[in-house]
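[1] quick one, what's the 3D model for this:
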Amino acid sequence: MTLSRLVLAFAASTLFTGGAFAAELSLVSGSVGKDIEELRGQLDAFEKESGHTVKIVEMPASTTDQFGQYRLWLSAGNADVDVYRTDVIWAPQLAGGLVDLTEAAKDIVGQHFPSMIESQTVDGKLVALPMYTDAPALYYRTDLLEKYGKEPPTTWSELEAIAKEIQDKEREAGNSQMNGFVFQGAPYEGLTCDGLEWVASHGGGQIVSPDGEITINNPKAAAALEKAKGWVGTIAPDGVLAYKEEESRGVWQTGNAVFMRNWPYAYALSNGDDSAVAGKFDVVPLPAGEGGSSAACLGGWNLAVSKYSQNQEAAIDLVKFLSSEKAQKQRAVNQSRLPTIPSLYDDPEIAEKQPIVAEWKEASTTRSRRSSGRPSTRRCPAVARPPTISISSKNVCVA
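    A predicted model of the protein is given here:
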């Protein structure tokens, strides 16, 4: 090869890889629904655009298991993982092992809701960029409520009564598999979310107050958890004690539940070609407790770069790509994921394909009195991880 051709080849390679040699990256992520499939498609686009390659390291569906493994890897200085997909409440606990993205993201942070950026800022350092946000909904069968002349419940007591009546009548009519209500009852972080909503909606406050005081031991909180305990084996199957998001969706999507508590991702999947409830359901805010108001536990996922990554520049490019407006719109259209970029809530294509996105704007972007935050070490240094609420037919406890 002549010198001139060598120079041209080097220039072309440099241009193709954005001024750097192609990197081999690893991104670790848990998933529900079609998360991995969607992610792989976006990573393919990134690879084509950047010249880098990205491998997905899949994690168990349990967020509790994910968090534990992430802490182990970061504590050990693991260089095998470049990018972590992180839950909204993990920033304070994982910050020590993550790259400060403040400078790299200074031109794009203004595109996101300020509260989302603030949630990922620890001691003045931006440790992750938002991928999407989350706020739960009460899914209900429009066909069944219409059949029995019912309106969507606004209180947990109404839900309990409607669920029991429709469940029993449907079973009498021959559907022995019908359940009144399915939710996340397994002892993991998902139940912490459900439990916080039950407690807050009854006026029982939070497990840990904003000033770090443990406040869960109060009559309203106890009443909320006692009510939820009573659902097991009555309007909810005994097996709900092992349900996470996907197990709940599985029962619901086969047509065997009147109500379901779940996140927006289940909306798109419930309208899929393989769903028995497609076109037969809608969503409303979660019910209120007696004398209380609806409460939604805010969630969401973010993207962080490991400070032990040997390809930090490329990893930062990947994080910016996956948190971009284009990627968030694709996620909203295909998976009904809630964007962290305000302009997307007014996007006509998203509104047409996934109306839940526009409808859930307020719940997903404001920490109003209806929203319930999960404990984190930024609020309570004594709590190493969010408490887990356990519910069974024999006991109700917070551990």
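[2] quick one: the strands in the stretch 201-350 of the chain?
    257-262, 281-284, 296-297, 299-305 (DSSP state E, counting those that start in this stretch).
[3] so which of those is the most surrounded?
    Mean neighbour count (mean count of other Cβ atoms under 10 Å) peaks for strand 257-262 among the strands of the stretch 201-350 of the chain, with a mean of 27. Heads up, the C-betas are built off the backbone N, CA and C, glycines and all.
[4] list the strands paired with that strand, with their directions.
    Strand pairing for strand 257-262, determined by DSSP bridges: strand 137-141 (antiparallel), strand 179-182 (parallel).
[5] out of those strands, nearest to residue 312?
    strand 137-141 (37.7 Å; Cβ to Cβ).
[6] follow-up on the earlier one: make CSV out of the strands paired with strand 257-262 and add distance to residue 304, mean neighbour count and mean pLDDT.
    As requested, the strands paired with strand 257-262 are exported to CSV (distance: least, Cβ to Cβ, whole Å; neighbours: other Cβ atoms under 10 Å; pLDDT from 0 to 100):
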stretch, distance to residue 304, mean neighbour count, mean pLDDT
strand 137-141, 27, 23, 97
strand 179-182, 32, 26, 98
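[7] okay, the ones you listed in CSV with distance to residue 163 next?
    Shown next, in CSV, are those (distance: least, Cβ to Cβ, whole Å):
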stretch, distance to residue 163
strand 137-141, 10
strand 179-182, 3
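[8] quick one: which of the ones you listed is nearest residue 351?
    strand 137-141 (16.5 Å).
[9] mind listing residues that contact that closest one?
    Strand 137-141 has contacts (Cβ atoms under 8 Å, 6 or more residues apart in numbering) with 152-153, 159, 252, 257-264, 266-267, 270, 277, 280-287, 356, 360, 363.
[10] which parts of the helix or strand that it is followed by are buried?
    Following strand 137-141 in sequence order, the next helix or strand is helix 142-147 (DSSP states H and E). Of the residues in helix 142-147, 144, 145 count as buried by neighbour count, 16 or more other Cβ atoms under 10 Å.
[11] just checking, what packs against the helix or strand containing residue 157?
    Element membership for residue 157 (DSSP H and E) is helix 156-172. Other helices and strands packing on helix 156-172, by 3 or more Cβ pairs under 8 Å, 6 or more residues apart in numbering; DSSP states H and E, are helix 142-147, strand 179-182, helix 219-231, strand 257-262.
[12] report the angle between it and strand 257-262.
    With axes from the mean of the first three to the mean of the last three Cα atoms, to 10 degrees defining the directions, helix 156-172 sits at 140 degrees from strand 257-262.
[13] export only the CA atoms of helix 156-172, formatted as CSV.
    Once non-C-alpha atoms are left out, helix 156-172 reads as follows in CSV (Å, rounded to 0.1, in the frame of the first residue of the first chain):
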residue,chain,number,x,y,z
TRP,A,156,-59.1,0.6,47.4
SER,A,157,-62.3,-0.4,49.1
GLU,A,158,-64.2,0.1,45.8
LEU,A,159,-61.6,-1.9,44.0
GLU,A,160,-61.9,-4.7,46.5
ALA,A,161,-65.7,-4.8,46.2
ILE,A,162,-65.8,-4.6,42.4
ALA,A,163,-63.0,-7.1,42.0
LYS,A,164,-64.7,-9.7,44.3
GLU,A,165,-68.1,-9.3,42.6
ILE,A,166,-66.8,-9.7,39.0
GLN,A,167,-64.4,-12.4,39.9
ASP,A,168,-67.0,-14.5,41.6
LYS,A,169,-69.6,-14.0,38.8
GLU,A,170,-67.1,-14.8,36.1
ARG,A,171,-66.1,-18.0,37.9
GLU,A,172,-69.7,-19.0,38.3
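[14] mean confidence score for that helix?
    For helix 156-172, mean pLDDT rounds to 98.
[15] angle of it against helix 219-231?
    0 degrees.
[16] report the distance from helix 156-172 to the chain centre.
    28 Å (Cα atoms, centre = their mean, to the nearest Å).
[17] do stretch 202-219 as well
    So, by Cα atoms, centre = their mean, the centroid of stretch 202-219 is 23 Å from its chain's centroid.
[18] can you give me the buried ones in that stretch?
    Neighbour counts over stretch 202-219 (16+ other Cβ under 10 Å) mark 202, 203, 204, 205, 206, 207, 208, 215, 216 as buried.
[19] burial of residue 68, as a residue count?
    13 (other Cβ atoms under 10 Å).
[20] can you list the buried residues in the one helix or strand it maps to?
    According to DSSP H and E, residue 68 maps onto helix 63-75. Residues of helix 63-75 classed as buried: 63, 64, 66, 67, 69, 70, 71, 73, 74 (neighbour count, 16+ other Cβ under 10 Å).
[21] out of these, who's nearest residue 122?
    Using Cβ to Cβ, residue 74 comes nearest to residue 122 of the buried residues of helix 63-75, at 13.7 Å.
[22] returning to that earlier point: next helix or strand past the helix holding residue 68?
    For helix 63-75, the succeeding helix or strand toward the C-terminus, using DSSP H and E, is strand 83-87.
[23] that following strand packs against which elements?
    strand 24-29, helix 63-75, strand 299-305, helix 312-322.
[24] mind putting the ones you listed into CSV with distance to residue 345?
    Below are the helices and strands packed on strand 83-87 laid out as CSV (distance: least, Cβ to Cβ, whole Å):
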stretch, distance to residue 345
strand 24-29, 25
helix 63-75, 26
strand 299-305, 15
helix 312-322, 19
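[25] residue 201 is in contact with residue 220, correct?
    No - if you go by Cβ atoms under 8 Å, residue 220 and residue 201 don't touch, sitting 9.8 Å apart.
[26] quickly list what's touching both of the two.
    Common contacts of residue 220 and residue 201 (Cβ under 8 Å, 6+ apart): 289, 292.
[27] returning to what we had before: JSON lines for the strands of the stretch 201-350 of the chain, including mean pLDDT and distance to residue 143?
    As requested, the strands of the stretch 201-350 of the chain are arranged in JSON lines below (pLDDT from 0 to 100; distance: least, Cβ to Cβ, whole Å):
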{"stretch": "strand 257-262", "mean pLDDT": "98", "distance to residue 143": "10"}
{"stretch": "strand 281-284", "mean pLDDT": "96", "distance to residue 143": "8"}
{"stretch": "strand 296-297", "mean pLDDT": "91", "distance to residue 143": "25"}
{"stretch": "strand 299-305", "mean pLDDT": "96", "distance to residue 143": "29"}
